[in-house]
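Undergrad: pasting the structure only:
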């Protein structure tokens, strides 16, 4: 960056900070609340006999929270700098992570079984793709787990032939939300969850798939929409 572009970037950040002071403050408070709820950890201890032991539901939830916290910080950083559309792309994964975390909490044994199997299947599929690229040295094999035909058959059934299903086994995010919705508070709270899926998450997804039809809206509007989405995983 040259001196002029640095100055322009600083001016944009200041304009956003001034125009969205309350929204930025609310996002920072939300982050502090979420972190303080888990640090220091007040729940039951997470014990592992060995490092290679498959993760149980509590460990999976910790992993999901750690990833969501980093994603939240990254989205907020992008929004502060004027990259609202890019922040919205990250917000989409936050919503999915929130839904997965609720499913894990309600299906601890099933989650523990599926999590490692889903990871192994992803590694297997990646190895098969790498072998077809021509990037490997002659005679070299792509690293991946050794799976029996029976294991592969079950994994394809659970996760889709190409790994297109969520590791929870749901065909898509809508199916996952359908399952967790029944345990989602009262009627108004369930409607809010459904509306985030129908409107906010759908809008965030649109940034991956097409040029948004309302691209003439000022950046400030996009920032407001991004901040709305940031709250979804923590409701």
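TA: It's in. Predicted model, so just to flag it, every value in this text is computed and none were measured.
Undergrad: quick one: contacts for the residue nearest the centre of the chain?
TA: Among the residues of the chain, residue 93 comes closest to the average C-alpha position under CA atoms, centre = their mean, at 2.8 Å. The contact partners of residue 93, taken as CB atoms under 8 Å, 6 or more residues apart in numbering, are residue 71. C-beta coordinates here come from the backbone N, C-alpha and C atoms, glycine included.
Undergrad: for it, what is the enclosing helix or strand?
TA: When elements are defined using DSSP states H and E, residue 93 is found to belong to helix 84-106.
Undergrad: okay, the angle between the following helix or strand past that helix and helix 84-106?
TA: Beyond helix 84-106 in the direction of the C-terminus, DSSP H and E gives the next helix or strand as helix 108-131. Between the direction of helix 108-131 and that of helix 84-106, the angle (axes from the mean of the first three to the mean of the last three CA atoms, to 10 degrees) works out to 130 degrees.
Undergrad: related to what we said a few turns ago, quick check: buried residues in the helix holding residue 93?
TA: With burial defined by 16 or more other CB atoms under 10 Å, the residues of helix 84-106 counted as buried are 84-92, 94-104.
Undergrad: list the contacts of residue 60.
TA: Taking CB under 8 Å, 6+ apart as the test, what residue 60 contacts is 104, 111-112, 115.
Undergrad: show me the helices in the chain, by range?
TA: Using DSSP state H, the helices assigned to the chain run over residues 3-19, 21-38, 57-80, 84-106, 108-131, 149-159, 173-181, 187-195, 202-209, 219-230.
Undergrad: relative to residue 139, which of those helices is closest?
TA: Proximity to residue 139 (CB to CB) singles out helix 108-131 among those, at 11.6 Å.
Undergrad: which helices and strands sit right next to that closest one?
TA: Of the remaining helices and strands, those touching helix 108-131 by 3 or more CB pairs under 8 Å, 6 or more residues apart in numbering; DSSP states H and E are helix 57-80, helix 149-159.
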